[in-house]
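> Structure for this input, please:
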Amino acid sequence: MHIHKLNDNNFLNNSTLTFGNFDGVHQGHMQIINKLLHISIKSKTPSVFITFNPHTNVALNNNSDFKILTSLNTKIKLLKRLNVDYFCSIDFNEQFSKLSAEEFINLLINKYNPSCIIFGYDNYFGYKRLGSYKYLKDNMKYKNINVIKVNQFYLNTAPVKTSIIKKLINDNNIDLANKYLNRKYKITGRVIHGKNVGKELGFPTANIEVANEQIIPGNGVYSVNLILGSKTFVGVCNIGICPTLKNDNIKTVEIHILDRSLILYDKNVSVEFNYFIRDEIKFETVKELKKQIISDIKFVKNERILESG
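Numbers count the residues shown, from 1 in each chain. Presented below is the predicted three-dimensional model:
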């Protein structure tokens with residue numbers, strides 16, 4: 001897969017393309033991407049996937065608290081696996097957002113000369129969101145471009161949307177979020193030094209410093225996979241403030257790796273969420289907490305045995 005920037009010197013004389021934030025690259029987005037690949041193959045034109053970085057809501061609302069499901073690097077990895085020919089990122093900022101719908105589309109035409117543009121049902125573009133599927137379809141200036149709209153995707157009668165997946169993750173409903181994503185939700189970060197409270201309990205943990213832009217699942221205990229390079233380790237993850245042991249109300253992501261002793265400080269890792277185990281609660285005693293942790297570990301091990309069986 002070739003990786004472009006909108007303002008670089010790469011051009012194509014024909015293409016099939018789509019564009020949007022595509023946060024999540026979830027099952028709804030896959031309907032658009034599959035259509036892109038199908039038409040690209042059928043028309044023998046290269047497929048072009050265009051996305052914005054940062055997410056348009058971050059730039060337009062100047063909102064550093066806005067969270068995303070997938071980073072730019074994650075999108076690149078996912079699209080590469082799907083055999084998209086060209087991945088193009090747009091450096092999105094307030095100045096770029098002031099481009100009219102016509103100016104924006106002209107940039108794409110000048111760079112990729114698309115014979116086909118594929119739209120999601122809710123894809124609007126240009127200043128004040130005046131551009132849309134209908135805008136191109138009804139404009140004779142673009143009559144030589146085949147404009148296609150992909151309708152909203154439903155899974156078991158439920159709409160699959162980025163906003164819904166975000167809420168599911170915040171509400172600990174990892175199982176359903178994973179179904180909508182069609183993969184396990186993943187966060188990335190660096191292992192940092194903690195307060196060693198897990199180690200003192202007999203359950204050492206890796207403390208993950210998660211990128212600020214990423215959604216961290218709601219507080220609770222989860223079955224996870226910790227990924228370091230090409231290696232995967234099974235773990236139990238606690239997200240929250242550790243109320244039995246701490247009084248600082250600082251949210252942390254801590255992972256105890258099952259049956260392994262690893263030194264991970266300053267390593268960049270990924271964490272895949274398998275399923276939610278239980279809420280984070282405050283125990284009356286440390287002894288009760290240790291008993292519950294042993295139970296959590298046993299539960300994950302038993303589930304792994306069932307899965308492999």
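
> ranges for the helices of this protein?
27-43, 56-61, 72-81, 94-97, 101-112, 133-137, 162-170, 174-181, 197-201, 286-308 (DSSP state H).

> wait, which of these is closest to residue 7?
helix 101-112 (8.9 Å; C-beta to C-beta). Where C-beta positions appear, they are placed from N, C-alpha and C, glycine not excepted.

> any residues touching that closest one, and which ones?
Helix 101-112 is contacted by residues 6, 10-12, 15, 17, 19, 48, 50, 86, 88, 99, 114, 117, 125-127, 130-132, 135-136, 142, 145 when judged by C-beta atoms under 8 Å, 6 or more residues apart in numbering.

> Now list the buried members of those.
Buried members of the contacts of helix 101-112, scored by 16 or more other C-beta atoms under 10 Å, are 6, 12, 15, 17, 19, 48, 50, 86, 88, 99, 114, 117, 125-126, 131-132, 135-136, 142, 145.

> The contacts of helix 101-112 in strands, which ones?
With strands defined by DSSP state E, the entries of the contacts of helix 101-112 inside them are 15, 17, 19, 48, 50, 86, 88, 114, 117.

> Contact partners for the fifth one?
Residues touching residue 50, when contacts are defined by C-beta under 8 Å, 6+ apart, comprise 6, 17-20, 88-90, 108.

> cool, the second one as well?
Residue 17 makes contact with 36, 47-50, 108, 112, 114, 116-118, according to C-beta under 8 Å, 6+ apart.

> just to revisit the earlier point, just tell me which of the helices of the chain ends up closest to residue 268.
Closest to residue 268 of the helices of the chain, according to C-beta to C-beta: helix 72-81, at 11.1 Å.

> and the closest one, how far from the chain's centre?
10 Å (C-alpha atoms, centre = their mean, to the nearest Å).

> ok, now stretch 90-97?
Put simply, stretch 90-97 sits 21 Å off its chain's centre (C-alpha atoms, centre = their mean).

> What of stretch 218-238?
Using C-alpha atoms, centre = their mean, the offset of stretch 218-238 from its chain centre is 17 Å.

> Equivalent analysis for stretch 81-96, please.
With C-alpha atoms, centre = their mean, you get 15 Å for stretch 81-96.

> Likewise for stretch 48-58?
13 Å.

> what do you get for stretch 216-229?
14 Å.

> Give me the buried positions along that stretch.
Result for stretch 216-229 [16+ other C-beta under 10 Å]: buried residues 216-228.

> Surely residue 40 and residue 47 touch.
Yes. The criterion here is C-beta atoms under 8 Å, and residue 40 meets it with residue 47 at 3.7 Å.

> any residues in contact with both of those two?
With C-beta under 8 Å, 6+ apart, residue 40 and residue 47 have common neighbours 16, 85.

> Looking at the two, which one has more neighbours?
When residue 40 and residue 47 are compared for neighbours, residue 47 comes out ahead with 26 against 21, by other C-beta atoms under 10 Å.

> so what's that one bridging to?
residue 16 (DSSP bridges).

> right, and it touches residue 85 too?
Yes. When contacts are counted by C-beta under 8 Å, residue 47 is listed as touching residue 85 (4.7 Å).

> any common contacting residues for those two?
Common neighbours of residue 47 and residue 85 (C-beta under 8 Å, 6+ apart) are residue 40.

> Any stretches of the stretch 201-309 of the chain with poor pLDDT?
305-309 (pLDDT under 70).

> Closest to the centroid, which residue in this structure?
Most central in the chain under C-alpha atoms, centre = their mean is residue 70, positioned 2.4 Å from the mean C-alpha point.

> For that one, which residues are in contact?
22-25, 78.

> okay if I get these as CSV plus pLDDT, neighbour count and distance to residue 211?
Output for the contacts of residue 70, formatted as CSV (pLDDT from 0 to 100; neighbours: other C-beta atoms under 10 Å; distance: C-beta to C-beta, whole Å):
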residue, pLDDT, neighbour count, distance to residue 211
22, 97, 25, 18
23, 97, 23, 14
24, 96, 26, 16
25, 97, 24, 17
78, 96, 20, 17
